[in-house]
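Participant: Generate a structure from the sequence data that follows.
(chains A and B)
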Protein chains: 2
Amino acid sequence: MRIAELSRRTGVPIPTIKYYLREGLVPAGERTGPNQAQYGEAHVRRIRLARALVEVGGLSIASAREALTLMFSGGLSELDTLGKAQYAMTPAREPVGEHERDEAWDDAVAEVDELVAKRGWQVKENNPARRTLAEALATLRRLGQDDYFALLDSYAEAADRLAAEEVEAVARRGDLDSVVEAVVVWTAVGDAVLASLRRLAQEAASTRLLGDA
Amino acid sequence: MRIAELSRRTGVPIPTIKYYLREGLVPAGERTGPNQAQYGEAHVRRIRLARALVEVGGLSIASAREALTLMFSGGLSELDTLGKAQYAMTPAREPVGEHERDEAWDDAVAEVDELVAKRGWQVKENNPARRTLAEALATLRRLGQDDYFALLDSYAEAADRLAAEEVEAVARRGDLDSVVEAVVVWTAVGDAVLASLRRLAQEAASTRLLGDA
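Facilitator: All right, here's what the predicted structure looks like:
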(Lines give C-alpha, C1' and ligand atoms only; values in the text may rest on other atoms or scores of the structure.)
Protein backbone atom coordinates (compact mmCIF):
# COMPACT_ATOMS: atom_id res chain seq x y z
CA MET A 1 0.00 0.00 0.00
CA ARG A 2 1.03 3.64 -0.44
CA ILE A 3 1.64 6.02 2.45
CA ALA A 4 -1.84 7.58 2.12
CA GLU A 5 -3.43 4.18 2.65
CA LEU A 6 -1.05 3.52 5.55
CA SER A 7 -2.25 6.74 7.14
CA ARG A 8 -5.89 5.83 6.60
CA ARG A 9 -5.40 2.36 8.06
CA THR A 10 -3.57 3.53 11.18
CA GLY A 11 -5.29 6.87 11.75
CA VAL A 12 -1.81 8.44 11.95
CA PRO A 13 -1.28 11.58 9.81
CA ILE A 14 1.22 11.31 6.93
CA PRO A 15 3.68 13.87 8.40
CA THR A 16 3.83 11.82 11.61
CA ILE A 17 4.47 8.63 9.63
CA LYS A 18 7.29 10.40 7.77
CA TYR A 19 8.71 11.53 11.09
CA TYR A 20 8.64 7.96 12.44
CA LEU A 21 10.36 6.76 9.24
CA ARG A 22 13.07 9.43 9.53
CA GLU A 23 13.63 8.64 13.21
CA GLY A 24 13.93 4.92 12.53
CA LEU A 25 10.85 3.91 14.55
CA VAL A 26 9.36 2.38 11.41
CA PRO A 27 11.44 0.65 8.72
CA ALA A 28 11.54 2.13 5.21
CA GLY A 29 9.06 0.87 2.63
CA GLU A 30 10.03 -0.83 -0.59
CA ARG A 31 11.04 1.79 -3.14
CA THR A 32 8.89 1.60 -6.30
CA GLY A 33 9.85 4.91 -7.89
CA PRO A 34 11.82 8.09 -7.23
CA ASN A 35 9.16 9.41 -4.84
CA GLN A 36 7.16 6.31 -4.11
CA ALA A 37 7.36 3.42 -1.71
CA GLN A 38 5.15 0.47 -0.89
CA TYR A 39 4.27 -0.56 2.66
CA GLY A 40 2.85 -3.75 4.11
CA GLU A 41 1.00 -5.06 7.16
CA ALA A 42 4.22 -5.05 9.17
CA HIS A 43 4.34 -1.27 8.72
CA VAL A 44 0.78 -0.90 9.96
CA ARG A 45 1.75 -2.70 13.15
CA ARG A 46 5.01 -0.80 13.63
CA ILE A 47 3.25 2.54 13.25
CA ARG A 48 0.61 1.52 15.80
CA LEU A 49 3.32 0.41 18.20
CA ALA A 50 5.37 3.56 17.69
CA ARG A 51 2.35 5.70 18.35
CA ALA A 52 1.38 3.71 21.43
CA LEU A 53 4.83 4.22 22.93
CA VAL A 54 5.35 7.86 21.96
CA GLU A 55 1.91 9.43 22.08
CA VAL A 56 0.10 7.34 24.67
CA GLY A 57 3.03 6.08 26.74
CA GLY A 58 4.92 9.38 26.56
CA LEU A 59 8.26 7.74 25.72
CA SER A 60 11.02 9.76 24.10
CA ILE A 61 11.82 8.94 20.48
CA ALA A 62 15.13 7.42 21.62
CA SER A 63 13.47 5.13 24.19
CA ALA A 64 10.78 4.08 21.72
CA ARG A 65 13.45 3.29 19.11
CA GLU A 66 15.37 1.18 21.60
CA ALA A 67 12.25 -0.72 22.64
CA LEU A 68 11.12 -1.34 19.06
CA THR A 69 14.59 -2.50 18.08
CA LEU A 70 14.56 -5.01 20.93
CA MET A 71 11.09 -6.19 19.92
CA PHE A 72 12.03 -6.71 16.30
CA SER A 73 15.63 -7.82 16.59
CA GLY A 74 14.43 -11.42 16.13
CA GLY A 75 15.89 -14.60 17.53
CA LEU A 76 15.40 -13.37 21.05
CA SER A 77 16.51 -16.24 23.16
CA GLU A 78 17.50 -14.83 26.48
CA LEU A 79 15.34 -13.67 29.31
CA ASP A 80 17.87 -10.90 29.62
CA THR A 81 16.07 -9.26 26.69
CA LEU A 82 13.05 -8.86 28.94
CA GLY A 83 15.03 -6.86 31.43
CA LYS A 84 16.47 -4.69 28.68
CA ALA A 85 13.01 -4.09 27.23
CA GLN A 86 11.69 -3.14 30.62
CA TYR A 87 14.61 -0.80 31.38
CA ALA A 88 14.10 0.90 28.01
CA MET A 89 10.64 1.93 29.27
CA THR A 90 12.13 4.21 31.92
CA PRO A 91 13.13 7.71 30.81
CA ALA A 92 16.90 8.03 30.37
CA ARG A 93 18.50 10.71 32.53
CA GLU A 94 21.73 12.60 32.59
CA PRO A 95 23.98 11.56 35.47
CA VAL A 96 23.08 13.52 38.59
CA GLY A 97 25.22 16.66 38.60
CA GLU A 98 27.24 17.81 41.59
CA HIS A 99 24.90 20.75 42.17
CA GLU A 100 21.91 18.42 42.40
CA ARG A 101 23.37 16.21 45.11
CA ASP A 102 21.86 17.95 48.07
CA GLU A 103 20.60 16.43 51.29
CA ALA A 104 17.19 15.74 49.75
CA TRP A 105 18.86 13.68 47.03
CA ASP A 106 20.96 11.62 49.45
CA ASP A 107 17.92 11.00 51.64
CA ALA A 108 15.85 9.96 48.63
CA VAL A 109 18.45 7.45 47.43
CA ALA A 110 18.57 5.93 50.92
CA GLU A 111 14.78 5.86 51.04
CA VAL A 112 14.58 3.93 47.77
CA ASP A 113 17.10 1.34 49.00
CA GLU A 114 15.18 0.99 52.23
CA LEU A 115 11.83 0.61 50.48
CA VAL A 116 13.16 -2.03 48.08
CA ALA A 117 14.71 -3.96 50.99
CA LYS A 118 11.60 -3.67 53.14
CA ARG A 119 9.41 -5.14 50.42
CA GLY A 120 11.92 -7.89 49.71
CA TRP A 121 12.16 -6.86 46.06
CA GLN A 122 15.09 -8.30 44.15
CA VAL A 123 15.98 -5.38 41.92
CA LYS A 124 19.31 -4.83 40.19
CA GLU A 125 21.37 -1.78 41.10
CA ASN A 126 21.15 -0.50 37.52
CA ASN A 127 17.36 -0.57 37.24
CA PRO A 128 16.75 3.02 36.06
CA ALA A 129 13.51 3.22 38.03
CA ARG A 130 15.61 3.52 41.20
CA ARG A 131 16.84 6.81 39.84
CA THR A 132 13.46 8.14 38.68
CA LEU A 133 11.91 7.21 42.03
CA ALA A 134 14.70 8.94 43.95
CA GLU A 135 14.24 12.03 41.78
CA ALA A 136 10.53 12.13 42.48
CA LEU A 137 11.03 11.69 46.22
CA ALA A 138 13.79 14.31 46.37
CA THR A 139 11.50 16.70 44.50
CA LEU A 140 8.73 16.18 47.03
CA ARG A 141 11.14 16.75 49.94
CA ARG A 142 12.55 19.91 48.40
CA LEU A 143 9.01 21.22 48.06
CA GLY A 144 8.29 20.43 51.70
CA GLN A 145 5.59 17.87 50.86
CA ASP A 146 6.50 15.78 53.90
CA ASP A 147 2.95 14.58 54.49
CA TYR A 148 3.08 12.77 51.15
CA PHE A 149 5.55 10.23 52.47
CA ALA A 150 2.97 8.59 54.72
CA LEU A 151 1.36 7.30 51.50
CA LEU A 152 4.48 5.69 50.12
CA ASP A 153 3.80 2.26 51.59
CA SER A 154 0.34 2.19 50.03
CA TYR A 155 1.83 3.15 46.69
CA ALA A 156 4.40 0.37 46.95
CA GLU A 157 1.74 -2.11 48.02
CA ALA A 158 -0.41 -1.20 45.00
CA ALA A 159 2.56 -1.43 42.64
CA ASP A 160 3.49 -4.80 44.10
CA ARG A 161 0.05 -6.26 43.61
CA LEU A 162 -0.36 -4.93 40.07
CA ALA A 163 3.10 -6.04 39.01
CA ALA A 164 2.50 -9.57 40.27
CA GLU A 165 -0.72 -9.83 38.24
CA GLU A 166 0.88 -8.27 35.18
CA VAL A 167 3.89 -10.55 35.19
CA GLU A 168 1.68 -13.59 35.67
CA ALA A 169 -0.58 -12.58 32.77
CA VAL A 170 2.37 -11.82 30.50
CA ALA A 171 4.03 -15.14 31.33
CA ARG A 172 0.91 -16.95 30.11
CA ARG A 173 1.82 -15.88 26.59
CA GLY A 174 3.66 -18.61 24.80
CA ASP A 175 6.52 -17.19 22.77
CA LEU A 176 9.21 -14.81 23.93
CA ASP A 177 8.57 -12.29 21.13
CA SER A 178 5.02 -11.83 22.29
CA VAL A 179 6.14 -11.63 25.92
CA VAL A 180 8.60 -8.86 25.07
CA GLU A 181 5.88 -7.02 23.15
CA ALA A 182 3.57 -7.18 26.17
CA VAL A 183 6.30 -5.99 28.52
CA VAL A 184 6.92 -2.97 26.32
CA VAL A 185 3.33 -2.08 25.48
CA TRP A 186 1.79 -2.82 28.87
CA THR A 187 4.49 -0.96 30.74
CA ALA A 188 4.25 2.18 28.59
CA VAL A 189 0.50 2.28 28.00
CA GLY A 190 -0.19 0.94 31.50
CA ASP A 191 1.30 4.16 32.92
CA ALA A 192 -1.35 6.13 31.05
CA VAL A 193 -4.10 3.76 32.18
CA LEU A 194 -3.03 4.05 35.81
CA ALA A 195 -2.54 7.82 35.70
CA SER A 196 -5.99 8.26 34.14
CA LEU A 197 -7.72 5.94 36.59
CA ARG A 198 -6.03 7.69 39.50
CA ARG A 199 -7.39 11.05 38.32
CA LEU A 200 -10.90 9.68 37.89
CA ALA A 201 -10.75 8.06 41.33
CA GLN A 202 -9.40 11.29 42.84
CA GLU A 203 -12.38 13.25 41.57
CA ALA A 204 -14.71 10.58 42.91
CA ALA A 205 -12.96 10.58 46.30
CA SER A 206 -12.99 14.40 46.50
CA THR A 207 -16.69 14.45 45.73
CA ARG A 208 -17.35 11.82 48.39
CA LEU A 209 -15.35 13.72 50.99
CA LEU A 210 -16.09 17.34 50.17
CA GLY A 211 -19.38 17.17 48.32
CA ASP A 212 -20.01 18.26 44.77
CA ALA A 213 -18.00 21.39 43.94
CA MET B 1 19.62 37.41 44.85
CA ARG B 2 20.97 37.32 41.29
CA ILE B 3 20.16 34.59 38.79
CA ALA B 4 23.44 32.74 39.46
CA GLU B 5 22.53 32.42 43.13
CA LEU B 6 19.00 31.36 42.16
CA SER B 7 20.53 28.59 40.05
CA ARG B 8 22.81 27.50 42.87
CA ARG B 9 19.96 27.44 45.39
CA THR B 10 17.60 25.44 43.18
CA GLY B 11 20.09 23.25 41.32
CA VAL B 12 18.43 24.37 38.08
CA PRO B 13 20.80 25.58 35.33
CA ILE B 14 20.58 29.27 34.34
CA PRO B 15 19.39 28.59 30.76
CA THR B 16 16.50 26.52 32.16
CA ILE B 17 15.59 29.32 34.57
CA LYS B 18 15.60 31.79 31.67
CA TYR B 19 13.37 29.43 29.72
CA TYR B 20 10.90 29.21 32.62
CA LEU B 21 10.92 33.02 32.86
CA ARG B 22 10.26 33.41 29.13
CA GLU B 23 7.47 30.85 29.24
CA GLY B 24 5.80 32.52 32.20
CA LEU B 25 6.25 29.62 34.62
CA VAL B 26 8.23 31.89 36.91
CA PRO B 27 7.47 35.60 37.37
CA ALA B 28 10.06 38.17 36.31
CA GLY B 29 12.52 39.43 38.90
CA GLU B 30 12.81 43.03 39.99
CA ARG B 31 14.85 44.95 37.43
CA THR B 32 17.92 46.57 38.99
CA GLY B 33 19.79 47.50 35.82
CA PRO B 34 19.69 47.07 32.03
CA ASN B 35 20.81 43.44 32.27
CA GLN B 36 20.21 42.68 35.90
CA ALA B 37 17.33 41.53 38.03
CA GLN B 38 16.89 40.54 41.65
CA TYR B 39 15.01 37.45 42.76
CA GLY B 40 13.59 36.38 46.11
CA GLU B 41 12.50 33.28 48.02
CA ALA B 42 9.23 33.19 46.07
CA HIS B 43 11.27 32.62 42.91
CA VAL B 44 13.16 29.75 44.50
CA ARG B 45 9.86 28.05 45.25
CA ARG B 46 8.34 28.75 41.82
CA ILE B 47 11.39 27.32 40.06
CA ARG B 48 11.25 24.19 42.20
CA LEU B 49 7.54 23.80 41.47
CA ALA B 50 8.01 24.41 37.74
CA ARG B 51 10.74 21.81 37.60
CA ALA B 52 8.70 19.30 39.59
CA LEU B 53 5.80 19.61 37.15
CA VAL B 54 7.78 19.72 33.91
CA GLU B 55 10.79 17.51 34.51
CA VAL B 56 9.54 15.02 37.07
CA GLY B 57 5.81 15.08 36.36
CA GLY B 58 6.27 15.28 32.58
CA LEU B 59 3.68 18.05 32.16
CA SER B 60 3.73 20.22 29.05
CA ILE B 61 4.78 23.84 29.52
CA ALA B 62 1.18 24.91 28.86
CA SER B 63 -0.25 22.58 31.52
CA ALA B 64 2.41 23.59 34.04
CA ARG B 65 1.68 27.27 33.38
CA GLU B 66 -2.04 26.70 33.90
CA ALA B 67 -1.46 24.81 37.14
CA LEU B 68 0.98 27.39 38.51
CA THR B 69 -1.39 30.21 37.60
CA LEU B 70 -4.18 28.49 39.52
CA MET B 71 -1.89 27.95 42.50
CA PHE B 72 -0.77 31.55 42.64
CA SER B 73 -3.88 33.36 41.55
CA GLY B 74 -4.57 34.13 45.22
CA GLY B 75 -7.88 34.52 47.00
CA LEU B 76 -8.90 31.02 46.03
CA SER B 77 -12.22 30.58 47.65
CA GLU B 78 -14.03 27.95 45.71
CA LEU B 79 -13.58 24.24 45.76
CA ASP B 80 -14.10 24.47 42.02
CA THR B 81 -10.46 25.59 41.85
CA LEU B 82 -9.49 22.14 43.06
CA GLY B 83 -11.21 20.51 40.14
CA LYS B 84 -9.59 22.93 37.71
CA ALA B 85 -6.17 22.26 39.23
CA GLN B 86 -6.71 18.54 38.95
CA TYR B 87 -7.93 18.74 35.36
CA ALA B 88 -4.88 20.82 34.43
CA MET B 89 -2.75 17.82 35.42
CA THR B 90 -4.09 15.74 32.55
CA PRO B 91 -2.43 16.23 29.15
CA ALA B 92 -4.55 18.36 26.83
CA ARG B 93 -5.52 16.66 23.59
CA GLU B 94 -6.80 17.72 20.23
CA PRO B 95 -10.43 16.71 19.67
CA VAL B 96 -10.59 13.14 18.34
CA GLY B 97 -10.48 13.38 14.54
CA GLU B 98 -12.94 11.57 12.29
CA HIS B 99 -10.23 9.19 11.09
CA GLU B 100 -9.49 8.14 14.67
CA ARG B 101 -13.07 7.17 15.51
CA ASP B 102 -12.83 3.51 14.72
CA GLU B 103 -14.52 0.60 16.47
CA ALA B 104 -11.71 0.39 19.03
CA TRP B 105 -12.33 4.01 19.99
CA ASP B 106 -16.10 3.59 20.38
CA ASP B 107 -15.58 0.44 22.44
CA ALA B 108 -13.03 2.19 24.65
CA VAL B 109 -15.34 5.13 25.36
CA ALA B 110 -18.11 2.70 26.33
CA GLU B 111 -15.66 0.74 28.48
CA VAL B 112 -14.66 3.87 30.40
CA ASP B 113 -18.31 4.76 31.07
CA GLU B 114 -18.98 1.24 32.23
CA LEU B 115 -15.95 1.14 34.51
CA VAL B 116 -16.82 4.49 36.11
CA ALA B 117 -20.41 3.35 36.66
CA LYS B 118 -19.38 -0.04 38.02
CA ARG B 119 -17.12 1.53 40.63
CA GLY B 120 -19.77 4.08 41.56
CA TRP B 121 -17.39 6.95 40.81
CA GLN B 122 -19.01 10.35 40.51
CA VAL B 123 -16.94 11.88 37.73
CA LYS B 124 -17.94 14.80 35.54
CA GLU B 125 -18.33 14.24 31.82
CA ASN B 126 -15.57 16.77 31.09
CA ASN B 127 -12.91 15.16 33.27
CA PRO B 128 -10.08 14.90 30.71
CA ALA B 129 -8.89 11.62 32.22
CA ARG B 130 -11.91 9.94 30.61
CA ARG B 131 -10.38 10.80 27.27
CA THR B 132 -6.81 9.75 28.11
CA LEU B 133 -8.08 6.46 29.54
CA ALA B 134 -10.17 5.78 26.42
CA GLU B 135 -7.14 6.53 24.25
CA ALA B 136 -4.98 4.10 26.18
CA LEU B 137 -7.61 1.36 26.03
CA ALA B 138 -8.26 1.91 22.31
CA THR B 139 -4.51 1.70 21.71
CA LEU B 140 -4.30 -1.63 23.53
CA ARG B 141 -7.26 -3.00 21.54
CA ARG B 142 -5.79 -1.87 18.22
CA LEU B 143 -2.58 -3.68 19.11
CA GLY B 144 -4.51 -6.84 19.94
CA GLN B 145 -3.50 -6.79 23.62
CA ASP B 146 -6.83 -8.31 24.65
CA ASP B 147 -5.35 -10.24 27.57
CA TYR B 148 -4.47 -6.92 29.21
CA PHE B 149 -8.12 -6.13 29.87
CA ALA B 150 -8.43 -8.83 32.52
CA LEU B 151 -6.19 -6.62 34.69
CA LEU B 152 -8.31 -3.51 34.39
CA ASP B 153 -10.36 -4.15 37.52
CA SER B 154 -7.20 -4.55 39.59
CA TYR B 155 -5.88 -1.29 38.19
CA ALA B 156 -9.12 0.49 39.05
CA GLU B 157 -9.14 -1.05 42.52
CA ALA B 158 -5.57 0.15 43.14
CA ALA B 159 -6.38 3.64 41.84
CA ASP B 160 -9.46 3.77 44.03
CA ARG B 161 -7.59 2.87 47.18
CA LEU B 162 -4.70 5.26 46.53
CA ALA B 163 -6.99 8.14 45.60
CA ALA B 164 -9.02 7.72 48.78
CA GLU B 165 -5.86 7.90 50.91
CA GLU B 166 -4.47 10.81 48.92
CA VAL B 167 -7.62 12.89 49.14
CA GLU B 168 -7.90 12.21 52.86
CA ALA B 169 -4.28 13.23 53.45
CA VAL B 170 -4.63 16.37 51.34
CA ALA B 171 -7.84 17.37 53.12
CA ARG B 172 -5.95 17.33 56.43
CA ARG B 173 -4.10 20.42 55.27
CA GLY B 174 -5.68 23.53 56.61
CA ASP B 175 -5.79 26.24 53.99
CA LEU B 176 -7.07 25.97 50.45
CA ASP B 177 -3.85 27.31 48.89
CA SER B 178 -1.87 24.50 50.40
CA VAL B 179 -4.54 21.97 49.38
CA VAL B 180 -4.35 23.15 45.78
CA GLU B 181 -0.57 22.93 45.88
CA ALA B 182 -0.76 19.33 47.10
CA VAL B 183 -3.31 18.40 44.44
CA VAL B 184 -1.03 19.73 41.73
CA VAL B 185 2.29 18.43 43.05
CA TRP B 186 1.09 15.06 44.29
CA THR B 187 -0.84 14.34 41.13
CA ALA B 188 2.04 15.18 38.80
CA VAL B 189 4.94 13.79 40.83
CA GLY B 190 2.81 10.90 42.10
CA ASP B 191 2.60 9.61 38.52
CA ALA B 192 6.39 9.34 38.47
CA VAL B 193 6.44 7.67 41.89
CA LEU B 194 3.86 5.11 40.83
CA ALA B 195 5.45 4.44 37.43
CA SER B 196 8.84 3.93 39.08
CA LEU B 197 7.50 1.65 41.80
CA ARG B 198 5.62 -0.39 39.23
CA ARG B 199 8.84 -0.97 37.27
CA LEU B 200 10.76 -1.97 40.38
CA ALA B 201 7.95 -4.33 41.43
CA GLN B 202 7.80 -5.77 37.90
CA GLU B 203 11.46 -6.69 38.00
CA ALA B 204 10.98 -8.24 41.42
CA ALA B 205 7.92 -10.20 40.24
CA SER B 206 9.71 -11.39 37.08
CA THR B 207 12.64 -12.58 39.13
CA ARG B 208 10.33 -14.42 41.52
CA LEU B 209 8.47 -16.10 38.66
CA LEU B 210 11.21 -16.73 36.13
CA GLY B 211 14.35 -16.77 38.20
CA ASP B 212 17.28 -14.43 37.90
CA ALA B 213 17.95 -13.57 34.24
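
Participant: now the strands: where do they sit in chain A?
Facilitator: A:30-33, A:36-38 (DSSP state E).

Participant: right, and residue A:159 touches residue B:194 too?
Facilitator: Yes. If you go by C-beta atoms under 8 Å, residue A:159 and residue B:194 touch, sitting 6.5 Å apart. (Glycine included, C-beta is placed from N, CA and C.)

Participant: who has more neighbours, the two?
Facilitator: Per other C-beta atoms under 10 Å in any protein chain shown, whichever of residue A:159 and residue B:194 has more neighbours is residue A:159, with 27 against 24.

Participant: which residues does that one contact?
Facilitator: Under the criterion of C-beta atoms under 8 Å, 6 or more residues apart in numbering or on different chains, the neighbours of residue A:159 are B:194, B:197-198, B:200-201.

Participant: filter those residues down to the ones near chain A?
Facilitator: Subset of the contacts of residue A:159 in contact with chain A: B:194, B:197-198, B:200-201, counting by C-beta under 8 Å from any C-beta of the partner chain.

Participant: buried set for stretch A:147-161?
Facilitator: A:148, A:151-152, A:154-161 (16 or more other C-beta atoms under 10 Å in any protein chain shown).

Participant: And the residues you listed, which two are furthest apart?
Facilitator: Within the buried residues of stretch A:147-161, two members stand farthest from each other by C-beta to C-beta: A:148 and A:161, at 20.5 Å.

Participant: How far away from the center of its chain is stretch A:143-158?
Facilitator: Put simply, stretch A:143-158 sits 22 Å off its chain's centre (C-alpha atoms, centre = their mean, to the nearest Å).

Participant: Pull the number of nearby residues for residue A:33.
Facilitator: 7.

Participant: whoops, residue A:103 was the one
Facilitator: For residue A:103, using other C-beta under 10 Å, the count is 10.

Participant: again, but for residue A:61
Facilitator: Number of residues near residue A:61 (other C-beta under 10 Å) recorded here: 16.

Participant: Pretty sure it sits against residue A:25.
Facilitator: Yes. Residue A:61 is within contact range of residue A:25, at 7.0 Å (criterion: C-beta under 8 Å).

Participant: Need the overlap of contacts for those two.
Facilitator: Common neighbours of residue A:61 and residue A:25 (C-beta under 8 Å, 6+ apart) are residue A:54.

Participant: The nearest residue to residue A:127 once chain neighbours are set aside: what's it in contact with?
Facilitator: Among residues not flanking residue A:127 along the chain, residue B:203 sits closest, at 5.7 Å (C-beta to C-beta, 6 or more residues apart in numbering or on different chains). Taking C-beta under 8 Å, 6+ apart, we find residue B:203 in contact with A:83, A:86, A:121-124, A:127, A:129.

Participant: what about chain A, any weak spots by pLDDT?
Facilitator: A:74-79, A:92-99, A:212-213 (pLDDT under 70).

Participant: middle-most residue in it, spatially?
Facilitator: With distances taken as C-alpha atoms, centre = their mean, chain A has residue A:188 as the residue nearest its mean C-alpha position (3.1 Å).

Participant: And that one, how close does it get to residue B:107?
Facilitator: 21 Å (C-beta to C-beta, to the nearest Å).
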